[in-house]
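**Student:** Need coordinates for the following:
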Amino acid sequence: MTESSKILTPHAIIQVLIVMVLFPLLPIFISGRWDWWEAWVNAGFIILGFAISRLLAARMNPDLLVERSRFLRQADAKSFDKILAPILMILGAVILVVAGMDRLWNWSHPFSLTLKIIAILALIIGYALGTYAFLENPFFSGMVRIQAERGQRVIASGPYRLVRHPGYASSLFTNLAIPVLLDSSWALIPAFIAIILLAIRTCLEDRCLQDELEGYKEYTKRVRYRWIPGIW
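**Tutor:** Predicted structure coming up:
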């Protein structure tokens, strides 16, 4: 079986369609506001962030795409992540659904243009950091598991020199920025819930890596912070 056939499974194709078509346009579909420029900007970030990271990974590390294509189907995924991973995926959609409903029913007062520009900058930082971590770490699985069959090792280069979980740190930026860009105070509620669950997932994954991945405990002594240097 070729690498492309391993990646382009029906399950993986459905994932791509959801991430690149359904998710990005949910606020527009729900609100019916096709002239909503902020929603188009947000959709552009989601689509470009996903497409660029996967195209680069396909050239640099196609095995990672095979691993990612098995999302929710890894039998050896940690039991806590079999619960947290799908919940976090659903919450990502809920943020967009609530924003679309908010626009349809005018629940929230619009945020200022200044805050929206800050949100756009946060999205740029979030997607850039997430892509950097994704490309730097060949074991950037969609679920928490020890990838013994792939020879998983500690990654301490790139953004991992500064924080232990830059992928999760990138989600902090995007989860906070999207509701602001889309003028939805109500969407901040699922966003904060997602951030709390991400923090819990980070702690559980970090403990798992310290217990089961050789060299990770020593790595934590060199890189103290999980998400943000000097804070946590």
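**Student:** Can you pull up the most central residue in this structure?
**Tutor:** Here the mean C-alpha position of the chain is nearest to the C-alpha of residue 171 (CA atoms, centre = their mean), at a distance of 5.3 Å.
**Student:** which helices and strands sit right next to whatever helix or strand that residue lives in?
**Tutor:** Following DSSP states H and E, the helix or strand that holds residue 171 is helix 166-181. With contacts defined as 3 or more CB pairs under 8 Å, 6 or more residues apart in numbering; DSSP states H and E, the packing partners of helix 166-181 are helix 37-60, helix 79-105, helix 113-136, helix 188-212. In short, each C-beta sits where N, CA and C put it, glycine included.
**Student:** follow-up on the earlier one: what spatial separation is found between the residue nearest to the centre of the chain and residue 134?
**Tutor:** From residue 171 over to residue 134 the distance is 12 Å, taken as CB to CB, to the nearest Å.
**Student:** Residue 82: what's it in contact with?
**Tutor:** Contacts for residue 82 (CB atoms under 8 Å, 6 or more residues apart in numbering) come out as 72, 143.
**Student:** brain fart, residue 29
**Tutor:** Under the criterion of CB under 8 Å, 6+ apart, the contact partners of residue 29 comprise residue 100.
**Student:** all numbers from here: first residue = 25
**Tutor:** Got it, the first residue is 25 from now on, which makes the last one we talked about residue 53.
**Student:** phi, psi of it?
**Tutor:** Phi and psi for residue 53, reported as degrees, to the nearest 10, are phi -60, psi -40.
**Student:** quick one: it from residue 87, how far?
**Tutor:** In this structure, residue 53 lies at 35 Å from residue 87, with CB to CB as the measure.
**Student:** Next: residue 49.
**Tutor:** From residue 49 to residue 87 the distance is 31 Å (CB to CB).
**Student:** Also residue 238?
**Tutor:** Distance from residue 238 to residue 87, by CB to CB: 20 Å.
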